[in-house]
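Q: Below are the sequence and a predicted model for it; my questions follow.
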Amino acid sequence: MEHTALRPRPLPGRGPRAGGGPRTGGGPAHHPHAATRRRRRLRTLLLGACAGTLLVLSGVGLGAVGATVLGGGGEAAPHPRAAAAPVRDSGPRATLGVEAVDYGSPGALVVGVHTPGPGYRAGLARGDVLLQFGGARVDTAADLARAVARARPGSEVLLTVRHSGGGFQQLTVVPGVVT
């Protein structure tokens, strides 16, 4: 009688087949659909890489965040209050150090805060909604960009913020200089 517990079992794909006789040929087990799967995976990978490259090159990677922070987002017609307060052209420009997009209701939703920036030092966090910047009401991200552009770098400005938890707070921020 043989001791089967001490005898190693054959690796899968090597050794006797389930059909009875020993396998002919010492190669790996035959998988008829493996080549089709490999081709499908390669095709999917190449298609994904091409689509990703196309999106990055077309600028979709910037999306609404980049456009609204720069003031290019929003409606095609000029905002009715845009002509009321012209933006200064001379002197240093101010920055808040946040990235914001339009919010469903009035306000600009903060989607990014630059860590060594004025917004971070004031206590802004991602998910906050800016409702007022100084004396200017903020209805869209473009309103926020115009209000920050009118501010003087180094002077304190009062912000009204609704945090993601629902609480309101007034923060004091000192806009920095765009370098």
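A: Cool, the structure landed. Numbers count the residues shown, from 1 in each chain.
Q: can we go C-alpha only for contacts and neighbour counts from here?
A: Noted.
Q: Correct me if wrong, but residue 10 is in a strand.
A: No - counting by DSSP: H, G, I helix; E, B strand; the rest coil, residue 10 falls outside a strand, being coil.
Q: who touches it in this structure?
A: Counting by CA atoms under 8 Å, 6 or more residues apart in numbering, residue 10 makes contact with nothing.
Q: For it, give me the backbone phi and psi.
A: Taking degrees, to the nearest 10, you get phi -70, psi 150 for the backbone angles of residue 10.
Q: again, but for residue 130
A: Here residue 130 shows phi and psi, under degrees, to the nearest 10, equal to phi -80, psi 120.
Q: is the nearest residue to it once chain neighbours are set aside in a bridge, and if so with what?
A: Across the structure, with CA to CA, 6 or more residues apart in numbering as the measure, the residue nearest residue 130 apart from its sequence neighbours is residue 161 (4.7 Å). On DSSP bridges, the residues paired with residue 161 through beta bridges are residue 130, residue 169.
Q: Could you list the single helix or strand in this structure with the lowest mean pLDDT?
A: Per-element confidence for the chain was summarised using mean pLDDT, DSSP states H and E. The lowest value among helices and strands belongs to helix 63-69, with a mean of 42.
Q: Now do the single longest helix found in the chain, average pLDDT.
A: If you go by DSSP state H, the chain has its longest helix at helix 34-58. Averaged across helix 34-58, the pLDDT comes to 84.
Q: Could you identify the helix or strand that succeeds the least confident helix or strand of the chain?
A: Past helix 63-69, further along toward the C-terminus, the next helix or strand under DSSP states H and E is strand 94-95.
Q: That next one pairs with which strands?
A: Counting by DSSP bridges, strand 94-95 is paired with strand 176-177 (antiparallel).
Q: Please enumerate residues in contact with the strand it pairs with?
A: By CA under 8 Å, 6+ apart, the residues outside strand 176-177 that reach it are 92, 93, 94, 95, 96, 97, 117, 118, 153, 154.
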